[in-house]
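Student: With the input below, show me the fold.
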Amino acid sequence: MEDLRFKRVLIKLSGEALAGEQGFGIRQETVQEICKELGEVLDYGVQMALVIGGGNIFRGLSGSAQGMERSSADYMGMLATVLNALAVQDYLEKLGHPTRVLSAISMREVCEPFIRRRALRHMEKGRVVICAAGTGNPYFTTDTTAALRGMELQCDAIVKATKVDGIYDKDPAKYPDAVKFSTITFDETLNRHIGVMDATAFALLRDNKVPIIVCRMLGGDILKAVKGESVGTIVTG
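Tutor: Numbers count the residues shown, from 1 in each chain. Model prediction:
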């Protein structure tokens, strides 16, 4: 672990990432690809926590926009994250990596309740902690969950793994001349109105000086980022 820049990280994955090309639900081949990528990081001795969104199954904001009561919609979204957490747990353990799913909503038949000291102990023993069911409260996104759990678990950085290889000054899919940042400050990100995370999550990380790394989900970029190589974009104070 001597050549690791970040020895304990929280990785935020979108729920849509698990859907792969099919666009909804859980595509097993895609879950396997993601877990192999995470496995390479774990093999390097990194202590890891995961937060996975639920947008591939149900998104609370979408349900609310269609007339559902917001709290009910958000609770349904939280349950969707549990399904995703169990899917990732299954394949990580098939690869030989011990995991624990810790849920903010009690459902002891399938996962443990989230208790901070227990989660820290799991990580110290080399287990992947998968944080499910958001914060357990409506009106908070999984971005905010990632920020909160990352700070609670004393992580060195939050890695937001996406389809894009970093942060650009404008949408690289629309503008070929978009410029990628290797580093950017929290304040500059706000001034440029770059939506790295939702405002609540971003404010938590900025105020507590926890760096955010935005990089590709596949292709070895997560491991490179953890090792401190020049990959993706790092947001710091």
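Student: other SSEs contacting the helix or strand Asp90 falls within?
Tutor: Under the criterion of DSSP states H and E, Asp90 resides in helix 70-94. On a contact count with 3 or more C-beta pairs under 8 Å, 6 or more residues apart in numbering; DSSP states H and E, helix 70-94 meets helix 15-19, helix 28-43, strand 47-52, helix 60-65, strand 99-103, strand 128-132. (Glycine included, C-beta is placed from N, CA and C.)
Student: Give me the sheet partners of the fifth one and which way each runs.
Tutor: Based on DSSP bridges, the strands next to strand 99-103 in the sheet, each with its direction, are strand 112-113 (parallel), strand 128-132 (parallel).
Student: show me where pLDDT drops low in this structure?
Tutor: Along the chain, the parts satisfying pLDDT under 70 run over 1-2, 60, 63-64.
Student: What is the end-to-end distance of stretch 92-109?
Tutor: For stretch 92-109, the first-to-last residue distance is 20 Å (C-alpha to C-alpha, to the nearest Å).
Student: List of residues touching that stretch?
Tutor: Residues from elsewhere that reach stretch 92-109 (C-beta atoms under 8 Å, 6 or more residues apart in numbering): 35-36, 38-39, 42, 75, 78-79, 82, 85-86, 88-89, 110-115, 118-119, 122, 125-137, 145.
Student: Restricted to buried residues, select those residues in PyMOL.
Tutor: Provided next is the PyMOL selection string for whichever of the contacts of stretch 92-109 are buried by 16 or more other C-beta atoms under 10 Å:
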select buried, resi 35+38+39+42+75+78+79+82+85+86+88+89+111+112+114+119+122+127+128+129+130+131+132+133+134+135+136+145
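Student: With respect to Tyr168, which of the helices and strands packed on helix 70-94 lies nearest?
Tutor: Closest approach to Tyr168 among these is made by helix 15-19 (19.2 Å; C-beta to C-beta).
Student: Residues in contact with the closest one: which ones?
Tutor: Residues contacting helix 15-19 (C-beta under 8 Å, 6+ apart): 23, 25-27, 30-31, 34, 52-57, 59, 80-81, 84, 87-88, 142, 161-163, 217.
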